[in-house]
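S.K.: Structure of the sequence below:
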Amino acid sequence: MRRAESIKNSVFWLVTAVLAIFLSQSCSREKGPDYDAGKQGRVRFEIVRNNVYSISDLAEISTIKIWLMDSEENVVELPSLDVSGTETLLYTEYVVLDAGSYRVVEYRCYDLQANLIDGLDIRLEKENQLEITAGEDTEFPLPVKVKQVISTSNLYNTLRGICLEILGDDESLWPASWDFESGEIDIDWAGLEFDTDANSNPTDVIGLVINGEPEYIINSDTWEQILVSLVEFRNMEVLPACISNLTGLESLVVKNCDMQEIPSELQYSMITSLTVENTRLQSLPDELSEMKRLTSAEFYGNRMTMFPECLTGVSTMEIFTIDNERIGSVPESIGNWGENLVSLSIRNTDIAELPDVFDRLWHVSMPDFSGNRNLSCLPASIGLEEIPYGDDGSFSRNGITGLILDGCAFTQIPEEVQRRGMYALYMADNKINKVSAEDIESIPDLETLVLDGNRLESFPALTNSKLSMLSLIGTGLSREQVDISGMPQLNPRYVFFTQEDYDSVFGMK
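M.R.: Below is the predicted model of the structure:
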């Protein structure tokens, strides 16, 4: 067993914004300033103490300076307020205010020497609404978050914190390669990708992969197998909140474990890519809508029954994938991703329809809706040749140039794809028995058509100057039954009737 080294648990004063609540009767009887109970109420501001894993202690908060704004947009500057309380809860003395609505717009915290505590990051959330009711006492938790200063030592303690939150303080259960005994981090620690300095010393974690399944690499010198996955975390039920303290973290992958919950603190992280696969996760906290840098979110084979709509509030989203989840619907709010989204995949779900918002997803060129066995129709916006773009009344060609609809429930080529600007159509393994020349010729720009696995009665003779690949594998048709003479761009080698035909062209075995 490795030598145990106790972690230094620093204290940050961390507060989350919540609605004002009534004080208990005992609090109502506390001594405080006199006031007109017919017109005025009282409020005290609270600060909750939480432990995080960090290298430096913050001086204890002694006083708070608060600025409010009333319903008439007048700024109300409160006097400096002393704080008192217990190890877990601090609060100010009561302040008398006229009844009405207020909003906290700014505040600062000071230590015993009246120095500003700059380790608190004062970023006000939401509306920070404060309601004062005449003759009543109110509590208001101040919205304080932590400003982290990253260093190698801070990183060391944060990684220890991850182990503590998941596995407890028995270090024999911790990941074998995470050796804390020397007090230094090694770039060979499993599951971590590091940013390093000029001497190849790790300065920050930029990637974290929590994988509960064994994964090995081979040491090229010794030919020894090296375990690189964090199998020790396979029974993790809650992702540690202190991961958000890794402010350099860009990529987070969690897979093959018992995780059921992602903490709301992830909203404060700098993560750009999030992947969750084969876990027990059912939903995401609403607070993740506040993630500022997330560009890629992918979910595979978890236990989600609802679309993670909170992520549609993330305006930076570029890539979104949800695959093999039991979701039954897709919200219209995915249209909020229109400014940046370039890739959209919603596969192997229970959805029967899609929201009519594709005139807002300007940059998605080939969405993938394969494997949705209940999907048999498309929204009208997919069929638009031109869509509004910008506020000046201008139009742009529909950005969707192809569709992947393999494994759905379509009985014919949908009307919405029968337009200009559609270059590729994948409809393998649907319920199509018959296709007409009109259906295909109504897609004049079509270059690739895949109808594998549909039991077709026949295939029509076409006049098409652009079709260059046609796949009819498993349709029951043979080469002799298909006339391609009206398609000058279609090389007979690129008309596939068997898997062997396809493999012979693309070099597959």
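
S.K.: Y110: neighbour count?
M.R.: Counted by other CB atoms under 10 Å, the residues lying close to Y110 total 17. Where C-beta positions appear, they are placed from N, C-alpha and C, glycine not excepted.

S.K.: what pairs with it across the strands?
M.R.: Y110 has these beta-bridge partners by DSSP bridges: T63, L116.

S.K.: That one: what's it in contact with?
M.R.: Y110 makes contacts with 61-65, 80, 116-117, as judged by CB atoms under 8 Å, 6 or more residues apart in numbering.

S.K.: Point out the least confident one among those residues.
M.R.: Lowest pLDDT of those: I117, 68.

S.K.: Poorly predicted segments of the stretch 201-350 of the chain, please.
M.R.: For the stretch 201-350 of the chain, no stretch has pLDDT under 70.

S.K.: returning to that earlier point: for PyMOL, write the select line for the buried members of the contacts of Y110.
M.R.: To isolate the buried subset of the contacts of Y110 in PyMOL, counting by 16 or more other CB atoms under 10 Å, use the following:
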select buried, resi 61+62+63+64+117
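
S.K.: Output the contacts of Y110 in a markdown table; the columns should cover distance to I440.
M.R.: Shown next, in a markdown table, are the contacts of Y110 (distance: CB to CB, whole Å):
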| residue | distance to I440 |
| --- | --- |
| I61 | 71 |
| S62 | 77 |
| T63 | 76 |
| I64 | 71 |
| K65 | 72 |
| S80 | 77 |
| L116 | 71 |
| I117 | 69 |
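
S.K.: can you name the two of the contacts of Y110 that are farthest apart?
M.R.: Of all pairs drawn from the contacts of Y110, the one with the longest distance (CB to CB) is S80 and I117, at 13.6 Å.

S.K.: E290 is in contact with Q267, isn't it?
M.R.: Yes: the pair E290 / Q267 is scored as a contact, 4.2 Å apart, by CB atoms under 8 Å.

S.K.: Could you check which of these two has the larger neighbour count?
M.R.: Q267 (21 against 16).

S.K.: List phi and psi for that one.
M.R.: Dihedral angles of Q267 (phi, psi; degrees, to the nearest 10) stand at phi -60, psi -20.

S.K.: From what I see, it and D286 are in contact.
M.R.: No: using CB under 8 Å, Q267 makes no contact with D286, being 9.3 Å away.

S.K.: which residue packs closest to V357, ignoring adjacent ones?
M.R.: G335 (3.5 Å; CB to CB, 6 or more residues apart in numbering).

S.K.: What separation is there between the one you found and M69?
M.R.: Computed as CB to CB, to the nearest Å, the G335 to M69 distance reads 33 Å.

S.K.: Mind giving me the packing neighbours of the helix or strand hosting L425?
M.R.: Using DSSP states H and E, L425 sits in strand 424-426. Contact analysis of strand 424-426 by 3 or more CB pairs under 8 Å, 6 or more residues apart in numbering; DSSP states H and E lists strand 402-404, strand 448-450 as its packing neighbours.

S.K.: helix or strand right after the last one?
M.R.: What that stands for is strand 448-450. Note on strand 448-450: by DSSP H and E, the next helix or strand toward the C-terminus is strand 469-471.

S.K.: in its sheet, what does that next one sit against?
M.R.: strand 448-450 (parallel), strand 495-496 (parallel).

S.K.: ok, residues contacting that strand?
M.R.: With contacts defined as CB under 8 Å, 6+ apart, strand 469-471 is touched by 428, 447-452, 482, 484, 487, 490, 494-496, 502.

S.K.: Repeat the analysis, applying 6 Å as the threshold.
M.R.: For strand 469-471, contacts defined as CB atoms under 6 Å, 6 or more residues apart in numbering pick out 448-450, 452, 494-496.

S.K.: same check, this time on stretch 258-272
M.R.: Counting by CB under 6 Å, 6+ apart, 235-239, 241, 244, 247, 249-250, 252, 279-281, 284-285, 287-288, 290-291, 293, 295 sit against stretch 258-272.

S.K.: what does stretch 236-253 give?
M.R.: Against stretch 236-253 from outside (CB under 6 Å, 6+ apart): 53, 148, 150, 158, 161-162, 165-166, 204-209, 257-263, 265-266, 268-275.

S.K.: ok, now stretch 369-381?
M.R.: Stretch 369-381 has contacts (CB under 6 Å, 6+ apart) with 346-349, 351-352, 354, 356, 358-359, 404-410, 414, 416.

S.K.: Okay, and which of those residues map to strands?
M.R.: Judged by DSSP state E, the contacts of stretch 369-381 include 346-347, 404 as members of strands.

S.K.: hey, where'd the helices end up in this structure?
M.R.: Secondary structure of the chain (DSSP state H): helices located at 25-28, 152-167, 437-441, 499-506.

S.K.: distance of L227 from G399?
M.R.: In terms of CB to CB, L227 sits 44 Å off from G399.

S.K.: who's more crowded, those two?
M.R.: Between L227 and G399, counted using other CB under 10 Å, the more crowded position is G399 (18 against 15).

S.K.: Just the pLDDT at the closest residue to the more buried one other than its chain neighbours, thanks.
M.R.: Using CB to CB, 6+ apart and skipping residues adjacent in sequence, the residue nearest G399 is W362, 5.2 Å away. W362 is assigned a pLDDT of 91 by the prediction.
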